[in-house]
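Participant: Here's a sequence, model it:
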Amino acid sequence: SQTVDKLVTAFGYPSELYDFKFDWRYMMRGLIIDKARGNVVKVDRHKYVKVAYHGFRCLSSDERNAAYNLSAVRDDCEEPAYGMIDTLFSLAEAYLFMQLVELVDKSPGKLPNFTGYAGMYRDVRAAVDLCHRDGSLKRHVAADPSKYIHDDPHLESMLQMYKRSGRKLFLATNSLWDYTNVVMNYLCG
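Facilitator: The predicted structure is shown next:
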């Protein structure tokens, strides 16, 4: 991935990160990264942490409750101490963070400049931002959309149904035309 390449080349992370694979089925929007503890959590509307993972290890109820749910005042689970997994881009970012938590916990010496999970999260965010700034992320997706975009076989028929029913459709995006054109042509032909 482009983000992994930036972590290795610009931030000095070990080259074994190139062996990391992303499993898109593992992540979902609405999760929250606890930057300080290296956890990914699912929180309800009352700020009760229902599920927590440290790397890919599910915390036991006792561990989860001790960390999040037993204090009289709960964490607000907001920036800057927490990171929101609220976009499709952030799914891969969070998964990479979990992989790095696993790596640093199993082999602390692998990351010579490790200053804590929050620093590692900052590095991941900075690497993602570099990918957006230099255009490498979109260039790779545009070059091989089928590798990165999961096709929905019902998308085109759903859009046609809306059009036939008289609804007006528009696409709101913050991407430039060249990238949007490639993605939409891939999705809708």
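Participant: Surely T173 and N181 touch.
Facilitator: No. Contact between T173 and N181 fails when scored by Cβ atoms under 8 Å: they sit 10.7 Å apart. Heads up, the C-betas are built off the backbone N, CA and C, glycines and all.
Participant: Next one: K163 from V183, what distance?
Facilitator: Applying Cβ to Cβ, to the nearest Å, one obtains 19 Å for the distance of K163 from V183.
Participant: So which of those two has more stuff around it?
Facilitator: V183 (18 against 11; other Cβ atoms under 10 Å).
Participant: ok, now which ones touch that one?
Facilitator: 141-142, 145, 149, 175 (Cβ atoms under 8 Å, 6 or more residues apart in numbering).
Participant: buried subset of these?
Facilitator: Neighbour-count burial (16 or more other Cβ atoms under 10 Å) applied to these gives 141-142.
Participant: and of the contacts of V183, the nearest to L70?
Facilitator: The closest of the contacts of V183 to L70 turns out to be I149 (Cβ to Cβ; 42.9 Å).
Participant: Tell me where the protein has strands.
Facilitator: 31-34, 39-43, 49-54, 57-58, 82-85 (DSSP state E).
Participant: Work out the gap between the shortest one and the centre of the chain.
Facilitator: For strand 57-58, the distance from its own C-alpha centre to the chain's C-alpha centre is 18 Å (Cα atoms, centre = their mean, to the nearest Å).
Participant: Kindly report the same for the second one.
Facilitator: Strand 39-43 sits 13 Å away from the centroid of its parent chain (Cα atoms, centre = their mean).
Participant: which residues does the residue nearest to L96 when sequence neighbours are not counted contact?
Facilitator: Using Cβ to Cβ, 6 or more residues apart in numbering and skipping the chain neighbours, the partner closest in space to L96 is V124 (5.8 Å). Shown in contact with V124 (Cβ under 8 Å, 6+ apart): 3, 7, 93, 96-97, 100.
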